[in-house]
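Peer 1: After the sequence you'll find the predicted model.
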Amino acid sequence: MILSPIFVRRAALFAASVLLLAYVLGPVAWLLSSALQREADITSIPPHWIPHPPTLASFRAIVQAGLGTLPADAAFVPSTALYLLPALRNSLVVACAVVVLNLAVSVPAAYAMAKIRYVGRNLSVYFMLATRVIPDIALVVPFFLFVRKLGLLDSVGALIITYLAVTVPFSVFMLLSYFEGLPDELDKAARVDGCSRFGALVRVFLPLALPALVAVILFTFLTSWNEFLFALMFTQTAASQTVPIIVASFTSDFTTSFSFINAAGVVAIVPPVAIAVMFERYIVSGLTAGAVKG
């Protein structure tokens, strides 16, 4: 039997898609599976992809540790497990604060750059984007000196200020591309009807820019939630440390519980995944906003 070229092409695309999904989702599947396994099952050879039987001991240990007691029956629970739930609170506070402040700064800035013609506009856009060319490791010392001068070392305020400096330029660029794609006539009509610049932004452009706003929110939240380098440098105690730092500390003890670390990883990815699912229908349209002009 001779196979048609269309069938061969579709079969090849299907096989490539399956391999790509396995490559991308494999680590996530192992994370979920190992979080429900006993320590002996995780370290067994060959490994067990399906827990038998599944156990919630590691998740119970996380809850008990968050209440201030290390469970005696949980094997190799690290001493820093007591700080995991406070770290989740710190990460949530930092991420939400950065999202709100980032929108408060980037939305008016992007609107002004898109709809107000002023001297040096193009130069300001290029200068803003140039700040993201510098690698984060090169910014650690300047940020550290700045934060220390403000007296914010070992506080969530240091992380909020630092993350704003990282996320605002790219957020402005995303919103700028979207606002430039909206007709200037909308701005002129709003001004004729008596709206101020701020009124035109709030009443006309923000409702139309909802997909881009959601993309900015997701980008800002995920960047703040997952950031490790600045959080490691600017926080020293559990009062201000975030989830990536606490989870990384689980491997610093003499013994390492892979089941507990993976259970903590599952807990840590719940908020980002929940937000991504809530705003899923806006993600693609927001990320491609302003990509095509005509």
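Peer 2: Happy to help now that I have it.

Peer 1: can you tell me the helix or strand for Leu176?
Peer 2: Following DSSP states H and E, one finds Leu176 within helix 156-181.

Peer 1: Return the distance of that helix from the chain's centre.
Peer 2: Chain-centre distance of helix 156-181: 13 Å, with C-alpha atoms, centre = their mean, to the nearest Å.

Peer 1: average pLDDT across that helix?
Peer 2: On average, the pLDDT along helix 156-181 is 89.

Peer 1: Same question for stretch 220-239.
Peer 2: Mean predicted confidence for stretch 220-239 is 90.

Peer 1: Same question for the helix holding Leu176: list its buried residues.
Peer 2: Within helix 156-181, the residues that qualify as buried are 156-164, 166-179, 181, counting by 16 or more other C-beta atoms under 10 Å. Yep, even glycine has a C-beta here, placed from its N, CA and C like the rest.

Peer 1: list the helices and strands that helix packs on?
Peer 2: Packing partners of helix 156-181 (3 or more C-beta pairs under 8 Å, 6 or more residues apart in numbering; DSSP states H and E): helix 84-115, helix 121-130, helix 140-150, helix 210-226, helix 229-234.

Peer 1: among those, which is nearest Phe59?
Peer 2: Closest to Phe59 of the helices and strands packed on helix 156-181 is helix 84-115 (C-beta to C-beta; 11.2 Å).

Peer 1: coming back round to it: tilt between the helix holding Leu176 and helix 210-226?
Peer 2: Here helix 156-181 points in a direction 160 degrees away from that of helix 210-226 (axes from the mean of the first three to the mean of the last three C-alpha atoms, to 10 degrees).

Peer 1: Now do helix 156-181 and helix 84-115, the angle between them.
Peer 2: Going by the same axes, to 10 degrees, helix 156-181 makes 30 degrees with helix 84-115.

Peer 1: Now do the SS call for Ile275.
Peer 2: At Ile275 the chain is in helix, as set by DSSP: H, G, I helix; E, B strand; the rest coil.

Peer 1: For it, give me its contacts.
Peer 2: Taking C-beta atoms under 8 Å, 6 or more residues apart in numbering, we find Ile275 in contact with Ile217, Leu218, Phe221.

Peer 1: can you redo those as JSON lines with distance to Pro27 and neighbour count?
Peer 2: Conversion of the contacts of Ile275 to JSON lines gives the following (distance: C-beta to C-beta, whole Å; neighbours: other C-beta atoms under 10 Å):
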{"residue": "Ile217", "distance to Pro27": "26", "neighbour count": "19"}
{"residue": "Leu218", "distance to Pro27": "21", "neighbour count": "21"}
{"residue": "Phe221", "distance to Pro27": "21", "neighbour count": "22"}
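
Peer 1: Turn those residues into JSON lines, columns for distance to Asp187.
Peer 2: What follows is the contacts of Ile275, written out as JSON lines (distance: C-beta to C-beta, whole Å):
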{"residue": "Ile217", "distance to Asp187": "24"}
{"residue": "Leu218", "distance to Asp187": "27"}
{"residue": "Phe221", "distance to Asp187": "29"}
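
Peer 1: with these in mind, which one is nearest to Ser4?
Peer 2: Compare each of the contacts of Ile275 with Ser4 using C-beta to C-beta and the shortest gap goes to Leu218, at 41.6 Å.
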